[in-house]
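K.L.:
got a structure for you, letters missing:
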């Protein structure tokens, strides 16, 4: 998802954890897991640079 956004909109594009879900209500458990990782564990803002999130995911953080 991040690589696609970066390619389409450039290095400064931001993403939210919602960007990883086609329909935000398809998998509420996975959505909550992503929200917990994003908000509680890493204290990220609602929108973060896609490059930052990609690096974190690639590193297994």
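P.N.:
Ah, there it is. Note that the coordinates shown come from a computational prediction; the quantities given were computed from them, not determined experimentally. Numbering: from 1, shown residues only.
K.L.:
how about the strands of this structure, start to end?
P.N.:
Counting by DSSP state E, the chain has strands at residues 14-15, 48-49.
K.L.:
Pull the contacting residues for the residue most central in space within the chain.
P.N.:
Geometric centre of the chain, nearest residue: residue 17, 3.7 Å, by CA atoms, centre = their mean. Neighbour list for residue 17: 31, 34-35, 37-39 [criterion: CB atoms under 8 Å, 6 or more residues apart in numbering]. To be clear about C-beta, it is placed using only N, CA and C from the backbone, and glycine gets the same treatment.
K.L.:
Over to residue 35?
P.N.:
Contact analysis of residue 35 by CB under 8 Å, 6+ apart lists residue 17.
K.L.:
Residue 12 versus that one, what's the distance?
P.N.:
24 Å (CB to CB, to the nearest Å).
K.L.:
Residue 49 now?
P.N.:
Residue 49 is 7 Å from residue 12, by CB to CB.
K.L.:
Looking at those two, which is more packed in?
P.N.:
residue 49 (16 against 9; other CB atoms under 10 Å).
K.L.:
The closest residue to that one other than its chain neighbours: what's it in contact with?
P.N.:
In space, residue 49 comes closest to residue 14 once its chain neighbours are excluded; the distance is 5.9 Å by CB to CB, 6 or more residues apart in numbering. Counting by CB under 8 Å, 6+ apart, residue 14 touches 47-50.
K.L.:
what does residue 54 give?
P.N.:
Per CB under 8 Å, 6+ apart, neighbours of residue 54: 2-3, 6.
K.L.:
Model confidence for it, exactly?
P.N.:
We note a pLDDT of 90 for residue 54 in this prediction.
K.L.:
My read is that residue 16 contacts residue 49, right?
P.N.:
No: Residue 16 is beyond contact range of residue 49, at 11.6 Å (criterion: CB atoms under 8 Å).
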